[in-house]
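K.L.:
Pasting the sequence and the predicted model now:
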Amino acid sequence: MTGRDVGMVGLATVWVVWATGAEVVSIRAGVIENHVLDFAVGATYLLAGLIALRRRPSNRLGWLMVTVAFVWYIGNYGNTEVPAAVSMGAAFGGVSLSLVVWLFFAYPSGRLQTRAEQVYVAAFVTWQLVLGVVIALTFDPRATCAACVQGGLALFPSAVTVARMEGIDNVLAVALPFLGGMLFALKHRRASAVERRALLPLWIGGALLVASFAVDAFIGGDPGQGRAEYTLVQLENLARMAVPLCFIWALLRSNLDRGGVGDLIERLSGPIPTGGLRDAMSDVLRDPNLRLWLPVAGGWVDEAGASIPHRELTPGSGISRIDRAGRTLAVIRHDPAIDRRLIDAAGAATAMALDNARLHAELRTRLEEVRASRARIVEATDAERRRIERDLHDGAQQRLLAVSFRLRAAQRQTEAADSVRSDLAEAEDELRGAIEELRNLARGIHPVILTDEGLGPALDSLADRAPMPVRITSTLDGRLPPPIEAAAYFVVAEGLTNAARYAGTPVDVTVDVCGGRCVLRVRDNGPGGADRARGSGLRGLADRVEAVDGWLTIQSPSGAGTTLTAEFPCE
């Protein structure tokens, strides 16, 4: 047994003697009250306070509840014949009420959260202490009780002062509960879902306490309301027990929640879908808004691999790190009201799953980087194609055309021999052929019509130049993103080239745009047998299609023709 345990046992022993003596004094004085409930109130505060001191020594709730457990019985000792006890009981019997109010607002952290709560509680406690001191010095029990042979302390007996203080107290007995109710409402409004669920019994107890005080302020002192006032006192006693009972319940619930970590381990023993780890921890911690972030090289990501701004990871209330062997496995953003020990238990149970999720997230991040890099390469290639096409069109092709015009002019003007004119005509024919080949080369590198007019006219141009019949069926309306148009165009171009080389049969091209997807098919009735693995052109097409988050399939059974199917996102 540790020194702290010995101290708690001694404290409990002192309280038992103190509380038992208070009840015995009240019974001997003939005070009619529920002594069992009276004893239970103090015992509940003492038990909860000792548990709090044992489990959460840094939380002020423990000492506050132990203090209430002792102060609760001061009023009982006012029934003795000892003058000092009479004065103390009459003066400070209600101080426990201010401490209970303090506890209501400080639960569960032990600290008052807002300036308004601090001012309210300070005013409440200060008034109770000032009232107690004035009553102790001025109240003479013999002025109201003929049988009272003792006059208490009453160093400065004054019935007028007592009456005025009681009048002020009656006004405050209405105003303070009203203000307290408003602060409770604001506290409830600020509370998170987890806090509201945990504090629900406290709200009920607080509402009951405020209501009983308010009613008691109106009927107090009315001789016809003795039974009603007695009932209100018992309701007040029950309401005052809300804080310690809530604290004990919170500890039990925390133990039950930590018991649920075993279910979490079983749940994570199988395959975990993307986002499943966050959902599992959210269920165990009972926080639907929980966020989970994993460390990767260069930053933080969620389970899907999406990058997280560093500003969201700023340490503070509701941000917890889950560590293992000195290494951070994850950071979670959670409701600040969740018990840290429950978070640690959940983190320990999910350590291996968190490490696996981190590896998967890092893999997804790298995969996204590869996809982005491939897309940039394709875009750069297309840009280079457009540049080369433009340079050929505006440079070499224009120079060759100029030479052709000069040859034609020379042919018309020369009076040389027929052999010279024949040579000039042959040179012009060769030059015209070179210009046509250069134009076809430029068009194959990147067609101007695709950039200027879009996919539909570009496909029509391909069909017109094809050596076999091409039928195009399209639901395309308007333009698609340039990378999608380029990929689709080259799929059709490659399909027509292969059909002309190996099939020589008519080709059907269909373009279907629906639901944010573009599905493109190129079908011929040739011998089939096309193989993506062996064809560099088809492999290049697949890379181009996948670079824009699409996919390409090839169906080419032997003797049954070939169908290229490409699907693209086109929102």
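P.N.:
All right, it came through fine. Numbers count the residues shown, from 1 in each chain.

K.L.:
which residues in the stretch 101-250 of the chain form helices?
P.N.:
For the stretch 101-250 of the chain, the helices defined by DSSP state H, counting those that start in this stretch occupy 115-138, 159-190, 193-219, 226-240, 242-259.

K.L.:
Look up how far Leu50 lies from Thr13.
P.N.:
In this view, Thr13 and Leu50 are 12 Å apart by C-beta to C-beta, to the nearest Å. (Glycine included, C-beta is placed from N, CA and C.)

K.L.:
follow-up on the earlier one: output the helices of the stretch 101-250 of the chain in CSV; the columns should cover mean pLDDT and distance to Phe104.
P.N.:
Putting the helices of the stretch 101-250 of the chain into CSV (pLDDT from 0 to 100; distance: least, C-beta to C-beta, whole Å) gives the following:
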stretch, mean pLDDT, distance to Phe104
helix 115-138, 87, 9
helix 159-190, 82, 8
helix 193-219, 68, 5
helix 226-240, 69, 9
helix 242-259, 70, 6
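
K.L.:
will you turn the ones you listed into a markdown table that also has distance to Arg465 and mean neighbour count?
P.N.:
Shown next, in a markdown table, are those (distance: least, C-beta to C-beta, whole Å; neighbours: other C-beta atoms under 10 Å):
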| stretch | distance to Arg465 | mean neighbour count |
| --- | --- | --- |
| helix 115-138 | 80 | 17 |
| helix 159-190 | 72 | 15 |
| helix 193-219 | 66 | 18 |
| helix 226-240 | 91 | 16 |
| helix 242-259 | 72 | 18 |
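
K.L.:
Please tell me I have it right and Val548 contacts Pro483.
P.N.:
Yes. Between Val548 and Pro483 there is a contact under C-beta atoms under 8 Å: 4.9 Å.

K.L.:
Comparing those two, which shows the higher neighbour count?
P.N.:
Neighbours per residue, other C-beta atoms under 10 Å: of Val548 and Pro483, the larger number sits with Val548, 21 against 18.

K.L.:
quick one, which of the helices of the stretch 101-250 of the chain is nearest to Gly540?
P.N.:
Closest of the helices of the stretch 101-250 of the chain to Gly540 is helix 193-219, at 53.9 Å (criterion: C-beta to C-beta).

K.L.:
higher neighbour count, Thr13 and Leu50?
P.N.:
Shown here are Thr13 and Leu50; by other C-beta under 10 Å, Leu50 has more neighbours (20 against 10).

K.L.:
That one: what's it in contact with?
P.N.:
When contacts are counted by C-beta atoms under 8 Å, 6 or more residues apart in numbering, Leu50 touches 8, 11-12, 62, 66.

K.L.:
Let's have those in a markdown table, adding pLDDT and neighbour count.
P.N.:
Shown next, in a markdown table, are those (pLDDT from 0 to 100; neighbours: other C-beta atoms under 10 Å):
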| residue | pLDDT | neighbour count |
| --- | --- | --- |
| Met8 | 84 | 18 |
| Leu11 | 87 | 17 |
| Ala12 | 89 | 16 |
| Gly62 | 86 | 21 |
| Val66 | 91 | 22 |
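
K.L.:
What is the nearest of the residues you listed to Arg115?
P.N.:
Taking C-beta to C-beta as the measure, Gly62 is the one of the contacts of Leu50 closest to Arg115, at 24.6 Å.

K.L.:
The closest one contacts Arg56, doesn't it?
P.N.:
Yes. Under the criterion of C-beta under 8 Å, Gly62 makes contact with Arg56 at 6.8 Å.

K.L.:
Show me where the stretch 351-500 of the chain dips below the pLDDT cut-off.
P.N.:
Per-residue confidence for the stretch 351-500 of the chain (pLDDT under 70) gives these ranges: 351-352, 355-446.

K.L.:
how far away is the nearest residue to Arg60 once chain neighbours are set aside from Asn59?
P.N.:
Sequence neighbours aside, Gly110 is the residue nearest to Arg60 in space, at 3.6 Å (criterion: C-beta to C-beta, 6 or more residues apart in numbering). As judged by C-beta to C-beta, Gly110 and Asn59 stand 4 Å apart.

K.L.:
likewise Gly94?
P.N.:
Distance of Gly94 to Asn59, given as C-beta to C-beta: 26 Å.

K.L.:
What strand or helix carries Ala463?
P.N.:
If you go by DSSP states H and E, Ala463 is part of helix 455-465.

K.L.:
circling back to that earlier point, would you convert the helices of the stretch 101-250 of the chain into a markdown table that also reports distance to Thr80?
P.N.:
Converted to a markdown table, those look like this (distance: least, C-beta to C-beta, whole Å):
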| stretch | distance to Thr80 |
| --- | --- |
| helix 115-138 | 15 |
| helix 159-190 | 21 |
| helix 193-219 | 25 |
| helix 226-240 | 21 |
| helix 242-259 | 28 |
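
K.L.:
quick one, which of those is nearest to Thr510?
P.N.:
Checking those against Thr510 by C-beta to C-beta gives helix 193-219 as the closest, at 52.3 Å.

K.L.:
where in the stretch 1-150 of the chain is pLDDT low?
P.N.:
For the stretch 1-150 of the chain, the stretches with pLDDT under 70 are 1, 29-33, 141-150.

K.L.:
What helices and strands are in contact with the helix or strand that the helix holding Ala463 is followed by?
P.N.:
Counting by DSSP H and E, the next helix or strand C-terminal to helix 455-465 is strand 470-474. Helices and strands touching strand 470-474, by 3 or more C-beta pairs under 8 Å, 6 or more residues apart in numbering; DSSP states H and E, are helix 455-465, strand 507-514.

K.L.:
Tell me which of these approaches Trp18 most closely.
P.N.:
Each of the helices and strands packed on strand 470-474 was scored for nearness to Trp18 using C-beta to C-beta, and the closest is strand 507-514 (82.3 Å).

K.L.:
Pairing partners for that closest one, with directions?
P.N.:
strand 470-474 (parallel), strand 517-524 (antiparallel) (DSSP bridges).

K.L.:
for the record, mean pLDDT for the last one?
P.N.:
Confidence for strand 517-524, expressed as mean pLDDT, is 91.

K.L.:
after it, next one along is what?
P.N.:
Note on strand 517-524: by DSSP H and E, the next helix or strand toward the C-terminus is helix 536-547.

K.L.:
For that following helix, list every residue counted as buried.
P.N.:
Buried residues in helix 536-547, counting neighbours by 16 or more other C-beta atoms under 10 Å, are found at 538, 541-542, 544-547.

K.L.:
Repeat that for stretch 320-337.
P.N.:
Neighbour count says stretch 320-337 has 320, 322, 329-335, 337 buried, by 16+ other C-beta under 10 Å.

K.L.:
same question, stretch 102-118
P.N.:
102-108, 110, 112, 117.

K.L.:
Straight-line length of it, end to end?
P.N.:
9 Å (C-alpha to C-alpha, to the nearest Å).

K.L.:
contacting residues around that stretch?
P.N.:
By C-beta under 8 Å, 6+ apart, stretch 102-118 touches 59-61, 64-65, 68, 120-121, 124-125, 180, 183-184, 186-187, 190, 198-199, 202, 205-206, 209, 242-243, 246-247, 250, 337.

K.L.:
Tell me the one of the buried residues of stretch 102-118 nearest His35?
P.N.:
Leu103 (23.3 Å).

K.L.:
How confident is the prediction for Asp512, by pLDDT?
P.N.:
With respect to pLDDT, Asp512 has a value of 91.

K.L.:
Tell me how many other residues surround it.
P.N.:
15.

K.L.:
show me the residues around the closest residue to Val100 other than its chain neighbours that make contact.
P.N.:
In space, and not counting its chain neighbours, Val100 is closest to Arg240: 5.1 Å by C-beta to C-beta, 6+ apart. The contact partners of Arg240, taken as C-beta under 8 Å, 6+ apart, are 41, 96-97, 100, 205, 209.

K.L.:
Good, wrapping up.
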